[in-house]
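Q: Need coordinates for the following:
(one chain, ligands or ions: 2)
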Amino acid sequence: MPARVLSPSTTTSYVHVDGDVFGDGRAFEVVLDLPGVTSARDVSADVVDARSAYGVSTSRALAVRASANALDGGEDVEYLASVTLPADVRCDASSPRVKFNARRARLAVTFDAADEDARAMTSETDAKEGCAADEADEDNPLAEYLAMLGVNEDGTPRASAVAAAHDDANAAAAAEDDANAAAAAEDDANAPTASTSTTTIRPAAGAHARGDPVTTRSSSSRALDRRTTNPKKTKRKSHPRPRLAPLRCVRTARTVQAVSDLADHLTEGLNAVGWATAPFMTSDAVALAREEIKNVAPFYTPGEVWLGKSSATGAQIAVKSIRGDRIFWMVPEQIEMGGFVVFREMLRAIDDLVLDQLSRRAPARLGGLSDRTHAMLAEYPGRGSRFVRHVDNTGKDGRRLTVLCYLNEDWDGKNGGHLKVYDRDGNGDGDGDRGGGRVTSVTPAGGTLAMFYSDEIPHEVLPSHATRHSFTVWYYDDDEHKAATSRAGDAAVADSRTTHAPATSTSDARNLGADRQTCADLDLDEQRQDISDRAATAFVRTLMTERVTPAEATALAARLDPRASVAVASVFGAPDVEVRPTHRSPCDRVRAVHAVP
Ligand SMILES: O=C(O)CCC(=O)C(=O)O
Ligand SMILES: [Fe+2]
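A: Ligands and ions are numbered 1, 2, ... in the order given. Coordinates of the predicted model:
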């Protein structure tokens with residue numbers, strides 16, 4: 001049973017901070033209420049920075065995730081928050097200060113928002129004053145800060161709260177620097193945490209798990225110390241403070257490639273062959289995205305193939321042998337509510353890239369883009385799961401550009417799961433270059449961006465032998481999309497945000513037999529079965545004896561009723577077929593297809 005996900009209440013304000021590293025001046029403070037969270041080990045926080053995606057400033061957000069055991073005997077809860085940071089707060093150059101107050105179940109993160117001059121003055125003052133901590137400080141900010149970051153004073157990861165308490169005490173003694181650290185550590189061990197003796201305190205998401213070095217800034221520790229200066233202890237000030245880990249500042253894209261270079265490169269590929277690929281996200285950002293995926297994993301549903309011209313006459317079926325992924329559509333409200341900080345920034349970066357940059361560079365095909373589908377997360381669960389060769393938009397549903405970003409850490413090529421892309425004329429086949437087509441394979445390595453024309457480029461996902469994650473959006477050509485949505489009765493188009501493979505309208509001429517009977521002719525059960533069987537037989541025979549393209553196969557399948565779809569699926573060895581009929585009965589279907597005014 002997944003934990004209930006809540007958005008914590010959040011307050012932001014500019015505050016004046018005296019005499020610490022933030023200077024005598026402005027700081028930006030985010031305070032989050034996390035009721036039920038009793039320990040810093042439950043909290044992780046990161047700054048997601050889309051600013052450096054292309055070296056231009058777009059946005060940054062503070063992403064906080066915390067969990068609490070059953071509140072009031074109810075279900076476990078998880079808090080997810082995303083707070084957009086104003087442009088003037090610092091992250092790269094300055095450590096945000098993090099303080100978790102267990103008694104009040106409140107997390108405060110303070111960012112420097114002062115200017116460079118103030119910073120320079122602060123450093124000087126800092127050098128003069130040195131540092132010390134205040135025994136009288138009830139909140140033990142140093143201990144809480146360390147616990148929050150999951151490190152000891154020497155920067156090594158803490159193994160457990162108790163172990164950490166000893167380490168802290170030892171470190172403090174060895175450093176002869178801060179008697180308060182031992183007390184702080186002790187307090188930390190005694191803090192009202194749910195499981196202080198055995199639980200590892202979690203650092204900012206994934207940092208230690210991946211063995212990342214703890215990156216540090218001494219100034220932040222000085223900030224904490226000076227804030228709580230005890231005059232008696234300033235004599236021992238001269239020891240350099242250990243370097244501590246700040247919140248991580250995670251970029252959602254590579255810094256090395258300016259947006260125009262990236263856009264030039266992608267445009268070249270699109271113009272030449274109709275597809276392009278490039279590295280896009282850093283591994284840090286991929287790791288964070290994977291954290292976000294965990295929140296929605298229980299809500300994935302099987303990817304469906306649309307078998308019908310409209311929802312009145314067709315069915316959506318999930319046949320794993322055709323399309324083996326499980327998907328999740330992210331609606332904007334969810335993204336804004338705070339569950340998807342990285343995805344929000346990714347979307348922003350991809351929107352900028354496509355709508356601002358690519359549409360200008362390739363106006364003939366991309367000049368009319370202005371809208372897109374929601375974002376879709378897909379997971380192929382390994383075990384040979386695949387998506388057979390297809391073209392995304394064969395029914396003029398409006399989709400013009402498919403953009404994918406893979407979210408797989410350390411993908412091993414041996415796992416398969418490549419995206420195989422054929423040339424725009426559909427040449428080439430599943431066996432390679434036979435047929436004269438140009439075929440390429442894209443490894444779904446984390447952070448790789450792939451894009452292609454949705455209405456031209458055949459592609460497939462080769463069998464994947466490990467869990468494979470991707471993020472996809474489709475951009476609409478305005479005119480085509482308007483025409484599609486206004487086409488009366490074509491519910492498949494209207495549904496295309498949630499239905500992945502809208503129907504094609506080709507091959508209507510192929511007569512599958514019984515459809516043309518009128519309702520009055522049906523002697524229900526027997527005839528229904530008969531219709532289904534004959535339709536299924538005709539469909540399978542066509543597939544086996546004629547060379548049909550996926551588009552034609554889809555068009556043919558559009559005429560099958562759910563019972564026939566099940567029969568077909570079992571012929572192709574897909575016992576896992578699930579059918580969701582979208583019409584009430586064969587009579588309704590016949591009426592809908594052959595309605596006579
Ligand atoms: O995940 C991929 O590489 C492509 C998936 C795909 O073709 C689709 O979802 O339409
Ligand atoms: Fe596709």
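
Q: what residues does the stretch 351-500 of the chain put near ligand 1?
A: 378, 387, 392, 404, 419, 459, 461, 470, 472 (CB under 6 Å from any ligand atom). For every residue, glycine as well, the C-beta is placed using N, CA and C.

Q: mind listing which of these are in strands?
A: 378, 387, 404, 419, 459, 461, 470, 472 (DSSP state E).

Q: Make CSV from these and add distance to residue 363, neighbour count and pLDDT to it.
A: As requested, those are exported to CSV (distance: CB to CB, whole Å; neighbours: other CB atoms under 10 Å; pLDDT from 0 to 100):
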residue, distance to residue 363, neighbour count, pLDDT
378, 30, 22, 94
387, 31, 22, 89
404, 23, 23, 97
419, 26, 23, 97
459, 24, 22, 92
461, 31, 24, 94
470, 28, 22, 97
472, 24, 20, 96
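
Q: can you give me the strands for the stretch 351-500 of the chain?
A: 369-372, 375-381, 385-390, 399-406, 419-421, 440-442, 448-453, 459-464, 467-477 (DSSP state E, counting those that start in this stretch).

Q: who wins for proximity to residue 532 among those?
A: The minimum distance between residue 532 and the strands of the stretch 351-500 of the chain falls on strand 385-390, with 23.3 Å, by CB to CB.

Q: of all the ones in strands among the residues of the stretch 351-500 of the chain next to ligand 1, which two lie farthest apart?
A: Largest pairwise distance in these, by CB to CB, is 13.6 Å, between 378 and 459.

Q: so the residue in the chain that ligand 1 sits nearest to bridges to which residues?
A: Residue nearest to ligand 1 within the chain (CB to the nearest ligand atom): residue 419, separated by 3.6 Å. Note on residue 419: beta-bridge partners residue 442, residue 461, judged by DSSP bridges.

Q: In contact with it: list those residues for me.
A: If you count contacts by CB atoms under 8 Å, 6 or more residues apart in numbering, residue 419 has them with 404, 441, 442, 444, 450, 459, 460, 461, 462.

Q: 10 Å instead?
A: 275, 277, 387, 404, 406, 440-444, 448, 450, 452, 459-462, 468, 470 (CB atoms under 10 Å, 6 or more residues apart in numbering).

Q: Could you do residue 405 as well?
A: Going by CB under 10 Å, 6+ apart, the list of residues near residue 405 reads 252-253, 280-281, 285-286, 289, 343, 346, 349-350, 375, 444, 446-451, 469-473.

Q: So for it, what's the nearest residue that isn't a sequence neighbour?
A: Once flanking residues are discounted, residue 405 sits nearest to residue 471: 4.7 Å by CB to CB, 6 or more residues apart in numbering.

Q: Tell me the bridge partners for that neighbour.
A: Bridge pairing for residue 471 - DSSP bridges - gives residue 377, residue 405.

Q: Show me what from the stretch 51-200 of the chain comes close to ligand 1.
A: So the stretch 51-200 of the chain never meets ligand 1 (CB under 6 Å from any ligand atom).

Q: Not counting residues beside it along the chain, what's closest to residue 89?
A: residue 111 (3.9 Å).

Q: Quick check: beta-bridge partners of that neighbour?
A: residue 28.

Q: same thing with residue 101?
A: residue 106.

Q: For it, give me the pLDDT.
A: For residue 101, the model assigns a pLDDT of 83.

Q: Need the overlap of contacts for residue 378 and residue 459.
A: With CB under 10 Å, 6+ apart, residue 378 and residue 459 have common neighbours 387, 404.

Q: and residue 401, how many neighbours?
A: 25 (other CB atoms under 10 Å).

Q: Do you know the pLDDT at it?
A: Residue 401 is given a pLDDT of 98.

Q: Could you pull up the residues touching the nearest residue to it once chain neighbours are set aside?
A: Sequence neighbours aside, residue 475 is the residue nearest to residue 401 in space, at 4.3 Å (criterion: CB to CB, 6+ apart). Contact partners of residue 475, counting by CB under 10 Å, 6+ apart, are 350-351, 354-355, 358-359, 366, 368-373, 398-403, 451, 454, 481.

Q: Make JSON lines from the strands of the stretch 351-500 of the chain and add distance to residue 48 to it.
A: Output for these, formatted as JSON lines (distance: least, CB to CB, whole Å):
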{"stretch": "strand 369-372", "distance to residue 48": "21"}
{"stretch": "strand 375-381", "distance to residue 48": "16"}
{"stretch": "strand 385-390", "distance to residue 48": "30"}
{"stretch": "strand 399-406", "distance to residue 48": "15"}
{"stretch": "strand 419-421", "distance to residue 48": "26"}
{"stretch": "strand 440-442", "distance to residue 48": "26"}
{"stretch": "strand 448-453", "distance to residue 48": "18"}
{"stretch": "strand 459-464", "distance to residue 48": "28"}
{"stretch": "strand 467-477", "distance to residue 48": "15"}
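
Q: Residue 333: which of those is closest?
A: strand 375-381 (12.8 Å).

Q: so where's the stretch 1-150 of the chain shaky on pLDDT?
A: 1-3, 17-25, 49-59, 70-74, 91-95, 114-150 (pLDDT under 70).

Q: can you give me the helices for it?
A: 116-129, 141-149 (DSSP state H, counting those that start in this stretch).

Q: cool, the stretch 301-450 of the chain as well?
A: Under DSSP H, counting those that start in this stretch, the stretch 301-450 of the chain gives helices at 332-334, 341-351, 359-361, 363-366.

Q: Please point out which parts of the second one sit buried.
A: Buried residues in helix 341-351, defined by neighbour count with 16 or more other CB atoms under 10 Å: 341, 342, 343, 344, 345, 346, 347, 349, 350, 351.

Q: Go ahead and confirm residue 48 touches residue 81.
A: No - between residue 48 and residue 81 there is no contact under CB atoms under 10 Å: 11.9 Å.

Q: Check the residue nearest to residue 405 and give its pLDDT.
A: Reported pLDDT for residue 471: 96.

Q: mind giving me the domain split of this protein?
A: 4-250, 259-301+323-487, 514-594 (automatic domain parsing).

Q: Show me where the stretch 351-500 of the chain dips below the pLDDT cut-off.
A: Ranges of the stretch 351-500 of the chain meeting pLDDT under 70: 426-437, 488-500.
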